[in-house]
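Novice: need a structure here:
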Amino acid sequence: MKREGLRAQVGYGRTLGKYGGKPTHDEQNILDRSFSPEAPNQSWVTDITYNKTDEGGLYLAVVLDLYSRAVVGWLMSSRMESELVTQALLSAVWRRKPKSLVLIHSDQWS
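Specialist: Numbering: from 1, shown residues only. Sure, this is the predicted structure:
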């Protein structure tokens, strides 16, 4: 990025508001910071980020395989809806076609 003259933007200057309600349920942390699985398709992690563009904001949902640290699924949308994460996970399943159960870990933020 430095060679191309690009810099990361830190923050967006917005004020933090109150978030209503609690998550519907808290799940046990099965992953428990064990970020080094022994084989591919054992543990996937997900996250959503917001990216500001000249045409407006975009939400990016990403699914990473902890074994290879590779992006195995992703989806971008102008609206943060449950469909965003669902489709990112489905794209990961379509690409990787796991043969056994996969542990999917998320921060349960939204």
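Novice: Which stretches in this structure count as helices?
Specialist: 82-96 (DSSP state H).
Novice: Residue ranges in it under the pLDDT threshold?
Specialist: 11-35, 108-110 (pLDDT under 70).
Novice: can you map out the strands along it?
Specialist: Here the chain has its strands, by DSSP state E, at 43-53, 56-65, 70-77, 103-105.
Novice: Now tabulate those strands in CSV and tack on distance to Ser91.
Specialist: In this view, the C-beta of every residue, glycine as well, is placed from N, C-alpha and C. Output for the strands of the chain, formatted as CSV (distance: least, CB to CB, whole Å):
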stretch, distance to Ser91
strand 43-53, 12
strand 56-65, 8
strand 70-77, 4
strand 103-105, 13
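Novice: mind putting the ones you listed in a markdown table, mean neighbour count and distance to Ser36 included?
Specialist: Output for the strands of the chain, formatted as a markdown table (neighbours: other CB atoms under 10 Å; distance: least, CB to CB, whole Å):
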| stretch | mean neighbour count | distance to Ser36 |
| --- | --- | --- |
| strand 43-53 | 15 | 9 |
| strand 56-65 | 18 | 12 |
| strand 70-77 | 17 | 15 |
| strand 103-105 | 16 | 13 |
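Novice: between those strands, which gets nearest to Arg95?
Specialist: Across the strands of the chain, Arg95 has its closest neighbour in strand 70-77 (5.7 Å, CB to CB).
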